[in-house]
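Chemist: Fold the following.
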Amino acid sequence: MALGFQVSRTPIASLIFFGMTVGTLILVSACICSGQNAGTTKPEEAPPPAGLVQIDRVPAKGFLYPFYLYVPPEFREKKKNRPTYTLLVLPNNTGTADDDFSIHDRSARQLAEQSCSMASELKVALLVPVFPRPKSDWHVYTQALDRDSLITGNADLKRLDLQLIAMIESARARLRSEGVRIRKRVLMYGFSASGMFTNRFTIIHPDRIEAAAFGSPGGWAMAPLDSWNGKPLRYPIGTADFEAVTHKKLDRKLLKKTPMFLFMGSLDTNDSVIYRDSYDQEDQDLIFSLFGKTLMARWPITEAIYRDNLPQSTLRLYPGVGHTVTKEMADDVVVFFVQHMHR
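Modeler: So this is what the prediction gives:
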């Protein structure tokens, strides 16, 4: 039902989209080349799905980048008692750093276009932000909501989580003016880097989340803990300096009530911990010493942390699966969202 990008540091990112049709999920794989030459012949683009629009950036309203918004046509039907709908947010994940904003826009647009049928089946509206991941500021891993993206001095790249909230509020106001009511809390889903974004956004802003699903979030799912074995866990390993980097208090009480679905394949080796755009060396050293040097070594500890501290979370390891989203995983994400919508 969703989209995930495979190994985030290769020039070709594998786009995996799951559209839900009459109770059946269909897996469609496509490859997006992030660095095409200007002279490359491109296939003729199909028209966008009806109801999908790009909303331009509005700095005065708090977001410096555009986003894609899709509303199923039936939401606009005039009914005596119109329901209030939910918004599904899919953070964008280009799969590579690039200073050409059109690369990120094309990737986000494809994600939005390929997710419209799923949104219609789930009866949710859809929002996909177009956040950049600049090569010139490669250490600021914006699309993963890393530490640098919260504390950078670059105002254009800082606090994309707050920019996303501004986008959500802008979409709600826009649709409200058209007679379509949207809930404040959203569903959010991401895989790999966008899984990291979803995981971290959920912990920072549980008041904005109805339910969140995140797959293989970079080798380490953020722990809602200040320390482990006497060692402080700074963001994004844990929450030791949460207030310093987010300028808000961690709402542990609400986090415990927030449904989360964390999943990964048992053969997944895509470890962002060892890359300096994702974690500093001191973070890698701490994770290795406390939790293990591989994803599978860390998984049991993550299970224990989430089980003991986030009782509404569900964790699942899929045997024989690498860094990808299978149909079974996608089915489970859909079931999870259906179970927790409108809570």
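
Chemist: my guess is Tyr189 meets Leu87, correct?
Modeler: No: in this structure, Tyr189 is not within contact of Leu87 by C-beta atoms under 8 Å, at 11.8 Å. (Each C-beta comes from the backbone N, C-alpha and C, glycine too.)

Chemist: more crowded one of these two?
Modeler: Legend: neighbour count by other C-beta atoms under 10 Å for Tyr189 and Leu87, higher for Tyr189 (27 against 23).

Chemist: so the more buried one is in which element?
Modeler: strand 186-191 (DSSP states H and E).

Chemist: after that strand, next one along is what?
Modeler: Going down the chain from strand 186-191, the next helix or strand is helix 193-204, by DSSP H and E.

Chemist: helices or strands next to that next one in the packing?
Modeler: strand 4-5, helix 160-177, strand 186-191, strand 209-215 (3 or more C-beta pairs under 8 Å, 6 or more residues apart in numbering; DSSP states H and E).

Chemist: of all the ones you listed, which lies closest to Arg76?
Modeler: helix 160-177 (9.2 Å; C-beta to C-beta).

Chemist: Partner strands of the following helix or strand past the closest one and their direction?
Modeler: Using DSSP H and E, the helix or strand that follows helix 160-177 in sequence is strand 181-182. Using DSSP bridges, the strands paired with strand 181-182 are strand 84-89 (parallel).

Chemist: Okay, buried residues for the strand it pairs with please.
Modeler: Using 16 or more other C-beta atoms under 10 Å as the test for burial, strand 84-89 gives 85-89.

Chemist: ok, those vs Arg106, which is closest?
Modeler: Using C-beta to C-beta, Val89 comes nearest to Arg106 of these, at 19.2 Å.

Chemist: For Asn154, which residues are in contact?
Modeler: With contacts defined as C-beta atoms under 8 Å, 6 or more residues apart in numbering, Asn154 is in contact with 137, 140.

Chemist: where does it fall, phi/psi-wise?
Modeler: Phi and psi for Asn154, reported as degrees, to the nearest 10, are phi -80, psi 100.

Chemist: Please report the distance of it from His340.
Modeler: 36 Å (C-beta to C-beta, to the nearest Å).

Chemist: ok, now which ones touch the residue lying closest to Pro48 once chain neighbours are set aside?
Modeler: Once flanking residues are discounted, Pro48 sits nearest to Glu113: 5.7 Å by C-beta to C-beta, 6 or more residues apart in numbering. By C-beta under 8 Å, 6+ apart, Glu113 lies in contact with 48-49, 52.

Chemist: Buried ones among those?
Modeler: Among the contacts of Glu113, the ones that count as buried by 16+ other C-beta under 10 Å are 49, 52.

Chemist: is it fair to say Gly153 lies in a strand?
Modeler: No: read with DSSP: H, G, I helix; E, B strand; the rest coil, Gly153 is coil and lies in no strand.

Chemist: What count of nearby residues applies to it?
Modeler: 6.

Chemist: Using the three-state scheme, assign Lys249.
Modeler: coil.
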